[in-house]
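1. Here is a sequence together with a model predicted from it:
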Amino acid sequence: MKAQIRTFTEGQILVPLVRFALPVLAALFLQAMYGAVDLLIVGRFTDAGTVSAHVSAVSTGSQIMLTLTNLVASFAMGATVLLGQQIGRGQAKKGGETIGACIVLFACIGVVMTALLVPGAPLVASVMHAPAEAFDLTAAYIRICGAGMLVIIAYNLIGSIFRGIGDSMTPLVTVAIACAANIIGDLVLVAVFHLGTVGAAVATVGAQAVSVVFSLLLLRHRELPFSLRRDHIRFHGELIGRITRIGLPIATQDLLVGISFLIIQGIVNSLGVVPSAGVGVAEKVCAFIMLVPSAFMQSMSAFVAQNAGAGKPDRAVKALRCGILLSLAVGVVMFYLSFFHGVSLASLFARDPAVAAAGADYLKAYAIDCMLTPVFFCFIGFYNGIGLTRFVMLQGIVSAFCVRVPVSWLMSRRTPVSLFHIGLATPCSSALQIVMCFVCMAVIYKKLMGIGKESV
């Protein structure tokens, strides 16, 4: 069976972009189901006396693991962009060496992360100010997921590689398998055996292990646009350097932005178990309402990378405009649902009325962000695709630590404390990111278009 390889350098822009983005959107939806299903089943099938502690532990622990997973996925974006540029230049056959270098690089990263997380789980929970009632559970969740980091890394790397060659369907299939396995695992371990937080963590890692095994079996029967031999799996300094130069700034930006959200989670955790659980529930809802901008960001990177490699920046800019308009239209709907129906959305993951109310209060602030995220997410995908990843890193760090964290801290010191006011830090930082993205475009536009003319 031949792997689907799609080129974006000729013909229409809107239709191919949407066709590529839809499987990415579906995969992200299923990916979001991981934490959501964990939280939903833990919230529904845990003893009423301890449910808030388990919900807090899963929300805090999954937020930490989400930050680390996003770090890996962002670093793997170096492979996505490099493969896309190679295809745009007509050099797809070099992909085998690129993937071989990725395997070595990410295996080393996985070993280091496992060595740090397994013994360091209580320290991480302490840094996060996990509530006393949920401290041991939070540490257990982190330790179990940390032990499975090699599986988590392999799972994300496979998806990045396929998106780099223009195939967004195979990652969708592998994510669907993982999601189904996770649901089954949660129902068995949490609902039947009542293992709570521990069961949710085991189910998450086990589901991704099932998906990785399936992906490897699938690869054996797929004809790729390049050959992947054993001698390709080696420390290839030049390729690892290129992957790192592209992926490291993206990963650094996502890590530090993730840390900023962890700081906010820590601030909220210090307010008590109900606010902690409420924000955790709201974050799970946000994972769904931000799906469309996230899908266009990933799709934009692959689309723009190919056109940048082919010397066609005009097509890349047109794709940026299309992505912003489409995702912004969806953002209007998400604003309405989040702002006016937050309690209903939060109640999907919390049976405790106090937790649902806290989550809804936080969601009102995120509703405003629904109108801003579509713009700067598409810009980030564009800048990643053309290789301007250092700017992506800069704007993410500035917005996180000059706006998001300080505003959250200041709002947490107001009396009475409002989760809505704390949540306003996110749209404030998004507004700054949009301004920085437009300024960057104004600076590079003429030079970008000039490169395209020189390539003709």
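-> Structure received.
2. Any regions of the stretch 301-450 of the chain where pLDDT drops low?
-> Scanning the stretch 301-450 of the chain with the threshold set as pLDDT under 70 gives 450.
3. can you map out the helices along the stretch 151-300 of the chain?
-> 169-186, 196-220, 237-269, 273-289, 291-309 (DSSP state H, counting those that start in this stretch).
4. what's near enough to touch residue 59?
-> Listed by CB atoms under 8 Å, 6 or more residues apart in numbering, the contact set of residue 59 reads 39, 276, 277, 279, 280, 281, 283, 284. From N, CA and C alone the C-beta is placed, and that goes for glycine too.
5. Throw the helices of the stretch 151-300 of the chain into CSV and include mean neighbour count, thanks.
-> Converted to CSV, those look like this (neighbours: other CB atoms under 10 Å):
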stretch, mean neighbour count
helix 169-186, 21
helix 196-220, 21
helix 237-269, 20
helix 273-289, 26
helix 291-309, 27
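6. Tell me which of those lies nearest to residue 80.
-> Residue 80 lies closest to helix 291-309 among these, at 6.1 Å (CB to CB).
7. how much does the longest helix anywhere in the chain deviate in direction from helix 273-289?
-> The residue-count maximum for a helix in the chain (DSSP state H) belongs to helix 51-88. Per axes from the mean of the first three to the mean of the last three CA atoms, to 10 degrees, the angle that helix 51-88 makes with helix 273-289 is 30 degrees.
8. Which helix or strand lies directly C-terminal to helix 51-88?
-> Sequence order places helix 95-127 as the next helix or strand after helix 51-88, per DSSP states H and E.
9. Need the residues that contact the following helix or strand past that following helix.
-> Per DSSP H and E, the first helix or strand lying C-terminal to helix 95-127 is helix 135-147. Applying CB under 8 Å, 6+ apart, the contact partners of helix 135-147 are 53-54, 56-58, 60-62, 64-65, 113-114, 116-118, 120-122, 124-126, 128, 130, 152, 196-198, 200-202, 204-205.
10. Residue 109 and residue 72 touch, don't they?
-> Yes. Counting by CB atoms under 8 Å, residue 72 is a contact partner of residue 109 at 7.0 Å.
11. Those two: who's more crowded?
-> residue 72 (25 against 18; other CB atoms under 10 Å).
12. so who does the more buried one touch?
-> Counting by CB under 8 Å, 6+ apart, residue 72 touches 106, 109, 152, 153, 156, 157, 251.
13. again with residue 424
-> Contacts of residue 424 (CB under 8 Å, 6+ apart): 365, 368, 407, 411.
14. Most widely separated two among these?
-> Using CB to CB, the two most remote members of the contacts of residue 424 are 368 and 411, lying 14.2 Å apart.
15. Out of the helices of the stretch 151-300 of the chain, flag the one nearest residue 20.
-> Minimum separation from residue 20 across the helices of the stretch 151-300 of the chain (CB to CB) falls at helix 291-309, 5.0 Å.
16. coming back round to it: shared neighbours, residue 109 and residue 72?
-> Shared contacts of residue 109 and residue 72 (CB under 8 Å, 6+ apart): residue 153.
17. for residue 44, what are its contacts?
-> Contacts for residue 44 (CB under 8 Å, 6+ apart) come out as 191, 351.
18. Run the angle between the helix or strand containing it and helix 291-309 for me.
-> If you go by DSSP H and E, residue 44 is part of helix 14-45. Angle, helix 14-45 to helix 291-309, by the same axes, to 10 degrees: 140 degrees.
19. For the residue most central in space within the chain, give me its contacts.
-> Nearest residue to the geometric centre of the chain (CA atoms, centre = their mean): residue 70, 4.7 Å. By CB under 8 Å, 6+ apart, residue 70 lies in contact with 254, 255, 258.
20. same thing with residue 33?
-> Contacts of residue 33 (CB under 8 Å, 6+ apart): 179, 182, 183.
21. 6 Å instead?
-> Going by CB atoms under 6 Å, 6 or more residues apart in numbering, residue 33 touches residue 179.
22. State the distance from it to residue 191.
-> The gap separating residue 33 from residue 191 is 16 Å, by CB to CB, to the nearest Å.
23. What about the residue nearest to residue 47 when sequence neighbours are not counted, how many residues nearby?
-> Computed as CB to CB, 6 or more residues apart in numbering, the closest residue to residue 47 that is not its neighbour in sequence is residue 194, at 7.9 Å. Residue 194 has 11 neighbours, counted by other CB under 10 Å.
24. From residue 188, how far off is residue 194?
-> Separation of residue 194 from residue 188 (CB to CB) stands at 11 Å.
25. excluding its backbone neighbours, what's nearest residue 248?
-> With CB to CB, 6+ apart, the residue lying closest to residue 248 is residue 75, at 6.8 Å.
26. Do you know the pLDDT at that neighbour?
-> For residue 75, the pLDDT comes out at 84.
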